[in-house]
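**Student:** Starting from these lines, generate the structure:
(2 chains)
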Number of protein chains: 2
Amino acid sequence: MQAVFIGIDWGTTHRRASLIGADGTLLSERADGEGALACAGRFRASLEALVAGWPQADAGLPVVMAGMVGAAIGWQAVPYLPGETPLSDLARHLVRVAEAPAGRRWSIVPGYCLRGASDVDVMRGEETQLYGALQMLGPGASDGCYVLPGTHSKWVRLHRGRVTELRTYMTGELFALLRQHGTLASAMQTAGSNAAAGLQHADVADDPEFLRGVAAAAAGPALTHALFGARARVVTGALAPDAAAAYVSGLLIGAEWADAQRLESRGEPVRLIGEPALAALHAACARHHGRGLEMLAARQIQLAAWRALANQDIP
Amino acid sequence: MQAVFIGIDWGTTHRRASLIGADGTLLSERADGEGALACAGRFRASLEALVAGWPQADAGLPVVMAGMVGAAIGWQAVPYLPGETPLSDLARHLVRVAEAPAGRRWSIVPGYCLRGASDVDVMRGEETQLYGALQMLGPGASDGCYVLPGTHSKWVRLHRGRVTELRTYMTGELFALLRQHGTLASAMQTAGSNAAAGLQHADVADDPEFLRGVAAAAAGPALTHALFGARARVVTGALAPDAAAAYVSGLLIGAEWADAQRLESRGEPVRLIGEPALAALHAACARHHGRGLEMLAARQIQLAAWRALANQDIP
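**Tutor:** Numbering: from 1, shown residues only, chains lettered A, B, ... in the order given. Sure, this is the predicted structure:
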C-alpha cells in the first residue's frame, strides 16, 4: 500500500504520528512523550526523528501537525481561525512551517478563536477532532453539542459544519493542582499515587462520592466554596480521606455539566470525544442530569480527520 | 497597670499575643511567624518563649489561644461547637491544654461547625473575632452579614448572638496556587514577585481588570471556565499579562459576592472584618453589586474579644 499522508497530533506533553495509505488505511503509528514543551528549540530534529524511515522525505508526503505545536509555546505560532470559518475549509488554511527544508511539505493546522459579547475562548488540536467528527457523521448529522474532556475540557456546539459555541474548563489542570498543593492535597493524599489518578481512573465513576460531588456542583455554588466543603467534610469525618479525590473530581466535572444545563435550553444528547476512563465519569454526569451521552472514540475520530485531509489539496 | 489576661491569635502561619490590663488596656503585644505548622512537636516551648517576661507564670494569668492551634494540625484537637451555641457562652467552652504545667491556666477557644441539609462548614479563630464584633456592637446591632476575607474567606450571618450561616471560600489559597503553578502562572508572572501580591495589594482595587473580573464572576460561570477565560484573553491579546493577576483576583473575590447575591435575598450592608488592602478589594465588589460595606478593623475586633474574655470566668 502506497503511503500518502502523515498526520501528527502534537500536544503539550505527548504526540502521536499516523502514516496513512492511499485507501485511508493506517499503515503505521508512533507515539512518544515529546510534547511541545519538551521540544523547545529542537522541533525540526524531533520531527525528523519521529518520522525517520517513513517515506516522507523522498516522496514529498504532506506532514500535517495539529495541537499545541502551533501555539506560542510550540514550534511556530499559527494565528487562530474565527468561528465563521467552516471546518471543511481547514485544509486550505494550513500554515507551512517556515523552518521546513526545501521539498518538505510540513504544515500546521490552525486553532480556532471564538469571541462572544464579553468573552473569548480558544482551541488548538480539538478543531482537527471536530473536523474528523464532521467527516464521520456528515454535515447535518454532526450538528449538536460535544464535550472533549481532559486537562482543558472543551464544550463545543457544531452547527452546519461551523463551531458556533466554545467553552473551555480547566478541569484536569485544577484537579492536578489541588492534588499536589495546598490544604486539599493532604485530604486527598491517600487516594492514589498518581496525581491525576482520581480523574483518570474509571472506577471513580462508580464511587458514591463522585456522584455526591456531581450533585453538589449541580446546585451551582462558587467552586471555591464547594472545594472548601470537601475539606470541611474530611475534618468533620463526613468524608473518608480515600474518597476525597472522587468527591473533588465530581465537583469539577460536575461544574461543567451544571454550566451546560444552565446555558443550554436544549436537552439533546451530548457527544463525547475522548478516552474510556473519562467517558465513564461523564456518562455518570449525563445520567445525573438526565441527558444522553454518545461516545465517539478519540482515536477513530482523529483517523477520520487524517484520512479526510489526505484527500485534500495540502499546501 | 496590673496585667490580667493574655490572648493569642495563633493561626496556621502567624501568631499574635496581646497582654491585657485590668481596665482593658493593651499593655504589650508580640507577633511572629511561629504558626501552628511551624510549631509541630514544640508548642509548649514555643508558647513559653512567646510570653517570656510577661507576668503569666507567677500571677496565674489566663492564657487563651484561638485559631488553628486547636486544629488536628495544631497543639491539641479541640472539638467544634455547633451553631446553636451562643457566642456569648464561648468562655465556658474553652478547653484546657492537656500539656499545661500545674498552675498554668492555658486554654484554647473551640471553633464552630455548622451543618446544613446537605453541607457542612467549619471555622477556627474567626469565632473569636465574631465574639469581638458581638461585644463591640451589642447583641441586637451585631445581627447581619459578615465577610472575613483571607486564605479561606468566611461569609457569616449572626442572628441574636448566634452563627446561623457560614460559607468558606478557598479564595486566597486558590489564588496563590494559580500564581505559582500551572498554565495561568506564566500569564500572571509579571504582576509581582510575591505570590499573593495581586490579592494583598490595595492598588488592584483600582485596576479596571479587577472590576472586569468581578463583573465576569457576577454572571455565575463555572470558575474553571472563567479561569481559562483569563488565559484565553492573554493569548489573544485582550488582557495584558501584567494585569492578569488583577483579573483573576476579581474573578475569585467576585465569585464570593456573586454567591452572596444569589443566596441572600436581603440587600443589607455587609460588615467586613479584615485588613485595609483586602477591604479595598471587597469595597469595589460591594459597589459593583450595589451593596453597602462597613469596615471593622480586625485588630480592634480581636482586642474587643480579648477584653471581654478577660472579664469572664476562665477555666
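**Student:** Contact residues of the stretch 1-150 of chain A facing chain B?
**Tutor:** A:A71, A:A72, A:Y80, A:C113, A:S118, A:D119, A:V120, A:D121, A:V122 (Cβ under 8 Å from any Cβ of the partner chain). Where C-beta positions appear, they are placed from N, C-alpha and C, glycine not excepted.
**Student:** Just checking, which of those comes out lowest on pLDDT?
**Tutor:** Lowest pLDDT of the residues of the stretch 1-150 of chain A next to chain B: A:S118, 78.
**Student:** who touches it in this structure?
**Tutor:** B:A216 (Cβ atoms under 8 Å, 6 or more residues apart in numbering or on different chains).
**Student:** Tell me which helix or strand it sits in.
**Tutor:** Using DSSP states H and E, A:S118 maps to neither a helix nor a strand.
**Student:** how much space between it and A:F5?
**Tutor:** A:S118 sits at a distance of 41 Å from A:F5 (criterion: Cβ to Cβ, to the nearest Å).
**Student:** again, but for A:L37
**Tutor:** Going from A:L37 to A:F5 by Cβ to Cβ gives 26 Å.
**Student:** neighbour-wise, which of the two wins?
**Tutor:** Taking neighbours as other Cβ atoms under 10 Å in any protein chain shown, A:L37 and A:F5 compare with A:F5 leading, 24 against 13.
**Student:** what are the bridge partners for that one, then?
**Tutor:** Note on A:F5: beta-bridge partners by DSSP bridges are A:I20.
**Student:** Tally up the residues packed near the nearest residue to A:A40 once chain neighbours are set aside, please.
**Tutor:** Distance criterion Cβ to Cβ, 6 or more residues apart in numbering or on different chains; nearest residue to A:A40, sequence neighbours excluded, is A:I73 at 7.5 Å. Other residues within reach of A:I73, judged by other Cβ under 10 Å, total 16.
**Student:** go on, A:I301?
**Tutor:** For A:I301, using other Cβ under 10 Å, the count is 23.
**Student:** Just give the closest residue to it, not the sequence neighbours.
**Tutor:** Per Cβ to Cβ, 6+ apart, closest to A:I301 is A:G132, 4.1 Å.
**Student:** got it, and A:H14?
**Tutor:** Per Cβ to Cβ, 6+ apart, closest to A:H14 is A:G35, 5.3 Å.
**Student:** Next one: that neighbour from A:A297, what distance?
**Tutor:** To A:A297, A:G35 is 22 Å away according to Cβ to Cβ.
**Student:** Show me which of those two is the more surrounded one.
**Tutor:** Ranked by neighbour count (other Cβ under 10 Å), A:G35 and A:A297 place A:G35 first, with 19 against 14.
**Student:** Strands along the stretch 51-200 of chain A, start to end?
**Tutor:** A:62-66, A:81-82, A:95-96, A:105-108, A:112-115, A:120-123, A:144-148, A:153-159, A:162-169 (DSSP state E, counting those that start in this stretch).
**Student:** okay, and the helix or strand of chain A with the least pLDDT?
**Tutor:** helix A:197-200 (a mean of 46; mean pLDDT, DSSP states H and E).
**Student:** So for the residue nearest to A:I301, what's the pLDDT?
**Tutor:** pLDDT recorded at A:G132 is 97.
**Student:** swap in A:A245?
**Tutor:** For A:A245, the predicted pLDDT is 92.
**Student:** Same question for the one 4 residues further on.
**Tutor:** Reading off the confidence values, A:S249 has pLDDT 94.
**Student:** Next, the buried residues of the host helix or strand of it.
**Tutor:** Using DSSP H and E, A:S249 sits in helix A:244-263. When burial is assessed from 16 or more other Cβ atoms under 10 Å in any protein chain shown, helix A:244-263 yields the following buried residues: A:244-261.
**Student:** Among those residues, which ones lie close to chain B?
**Tutor:** Within the buried residues of helix A:244-263, those near chain B by Cβ under 8 Å from any Cβ are A:L252, A:A255, A:E256, A:A258, A:D259.
**Student:** Burial check on A:A222, number of neighbours?
**Tutor:** When neighbours are counted by other Cβ under 10 Å, A:A222 comes out with 27.
**Student:** where does the stretch 51-200 of chain A have low pLDDT?
**Tutor:** A:57-58, A:189-200 (pLDDT under 70).
**Student:** try 50
**Tutor:** Counting by pLDDT under 50, the low-confidence segments of the stretch 51-200 of chain A come to A:191-200.
**Student:** Contact partners for the residue nearest the centre of chain A?
**Tutor:** Nearest residue to the geometric centre of chain A (Cα atoms, centre = their mean): A:L148, 4.8 Å. By Cβ under 8 Å, 6+ apart, A:L148 lies in contact with A:E126, A:Q129, A:K154, A:V156, A:L272, A:I273, A:G274.
**Student:** Tell me what it is bridged to.
**Tutor:** Going by DSSP bridges, A:L148 forms beta bridges with A:K154.
**Student:** do you know how far it is from chain B?
**Tutor:** 13 Å (Cβ to the nearest Cβ, to the nearest Å).
**Student:** same deal with A:R291?
**Tutor:** 16 Å.
**Student:** What count of nearby residues applies to the nearest residue to that residue once chain neighbours are set aside?
**Tutor:** Residue nearest to A:R291 in three dimensions, not counting chain neighbours: A:V270, with 5.8 Å by Cβ to Cβ, 6+ apart. A:V270: 22 surrounding residues under other Cβ under 10 Å.
**Student:** Before we move on, what's the pLDDT of A:V270?
**Tutor:** For A:V270, pLDDT reads 95.
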